[in-house]
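[1] my questions concern the predicted model and sequence given below.
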Amino acid sequence: MVVSIHDVSPSTSARTQAILSDLLGIGVKKTSLLVIPDHHRRGLISNDPAFSGWLREKCDTGHEAVVHGFTHLRESRGSDGPWKRLVTRSYTAGEGEFYDLDEATAGKLLAAGRSAFDACGMPYCGFIAPAWLLGPEAEAAVRRAGFAYTTRIATVSDFRKNQTYASRSLVWSVRAGWRRACSIVWNAALDQASTANPLLRVGIHPPDWDHPAIRKQILQIVGKALAGREAMTYEGWLSATNS
């Protein structure tokens, strides 16, 4: 099982720490932390010594830092058609940064993100696009940049082995009451349907912890899974799969 915490940055560090504390309380010692290098252009992680030091400490104790976009934002464009507006505004609330980037632009953002991680002294090998939306040219840039893997909502792709594994991530939407209610029903069903899959993926966003019913379901699902699964990082799972 891989439990991933998305949108980790200085502005979400307090909630991220609360999530990690609750997960540790039920036995999860390793997660994949999806770190935004310049979250909503509020400042590079490398300019925050306290945050980067805390993140290095987490990596030293078994967690994994993953490059998660650069700013996490995709600006709306006048040329966007109905489908792009649906995906980039309704589905992602304007945060599908790598959804339709050309390879050159994606490459520049990836280089900037890697530089921020390097300046923090943090190891990394994976890249996961905001909202799991990674267009074909952007994926080519990710491969060219030397990242070992990426994930989408329903797959994990190992670039070293050129192998893609099917595993749909559980994820919750909390922006409205109806979304929260649907998420609870959907993830209960998806959890049952994922029983036979070699990999269970649980994706957590910091705002999830503001909603007791969502928090309770996540901890119940993860706690139940620990009876038969080992919690590990994406990097660890791919290494174990390829050994």
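    The structure has been received and is ready for your questions.

[2] make it CA atoms for all contacts and neighbour counts henceforth
    Fine.

[3] helices and strands of this protein: which one has the lowest mean pLDDT?
    helix 82-85 (a mean of 49; mean pLDDT, DSSP states H and E).

[4] right, and the helix or strand after that one?
    Sequence-wise, the next helix or strand downstream of helix 82-85 (DSSP states H and E) is helix 103-120.

[5] and the angle from the next helix or strand after that following helix to helix 103-120?
    Note on helix 103-120: by DSSP H and E, the next helix or strand toward the C-terminus is helix 136-144. Helix 136-144 and helix 103-120 are oriented at 40 degrees to each other (axes from the mean of the first three to the mean of the last three CA atoms, to 10 degrees).

[6] which secondary structure elements does helix 136-144 sit against?
    helix 103-120 (3 or more CA pairs under 8 Å, 6 or more residues apart in numbering; DSSP states H and E).

[7] what residues of the helix it packs on count as buried?
    103, 106-107, 109-110, 112-114, 116-117, 120 (16 or more other CA atoms under 10 Å).

[8] likewise stretch 177-192?
    For stretch 177-192, by 16+ other CA under 10 Å, it's 180, 183-184, 187, 191.

[9] the protein: helices as residue ranges?
    Ranges of helices in the chain, per DSSP state H, are 13-25, 49-60, 82-85, 103-120, 136-144, 177-193, 212-225, 234-242.

[10] with distance to residue 127 as extra columns, can I get those helices in TSV?
    Listed next are these as TSV, based on distance: least, CA to CA, whole Å:
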stretch	distance to residue 127
helix 13-25	19
helix 49-60	16
helix 82-85	23
helix 103-120	9
helix 136-144	7
helix 177-193	25
helix 212-225	24
helix 234-242	11
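
[11] adjacent strands (with direction) for the lengthiest strand in the chain?
    As assigned by DSSP state E, the longest strand anywhere in the chain is strand 2-8. Partners of strand 2-8 in the sheet, by DSSP bridges, are strand 32-35 (parallel), strand 201-204 (parallel).

[12] tabulate these (TSV), appending mean pLDDT and distance to residue 74.
    Converted to TSV, those look like this (pLDDT from 0 to 100; distance: least, CA to CA, whole Å):
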stretch	mean pLDDT	distance to residue 74
strand 32-35	98	17
strand 201-204	98	21
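
[13] tell me which of those sits most buried.
    Neighbour counts (mean count of other CA atoms under 10 Å) averaged over each of these peak at strand 32-35, with a mean of 25.

[14] give me the residues contacting that strand.
    Applying CA atoms under 8 Å, 6 or more residues apart in numbering, the external contacts of strand 32-35 come out as 2-9, 63-68, 128, 232-234.

[15] ok, back up a step: could you dump the buried residues of stretch 177-192 to CSV with distance to residue 144?
    Shown next, in CSV, are the buried residues of stretch 177-192 (distance: CA to CA, whole Å):
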residue, distance to residue 144
180, 38
183, 36
184, 38
187, 35
191, 35
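
[16] ok, now how distant is residue 114 from residue 178?
    Here the distance between residue 114 and residue 178 works out to 38 Å (CA to CA, to the nearest Å).

[17] go on, residue 21?
    The gap separating residue 21 from residue 178 is 28 Å, by CA to CA.

[18] could you do residue 122 as well?
    Distance from residue 122 to residue 178, by CA to CA: 39 Å.
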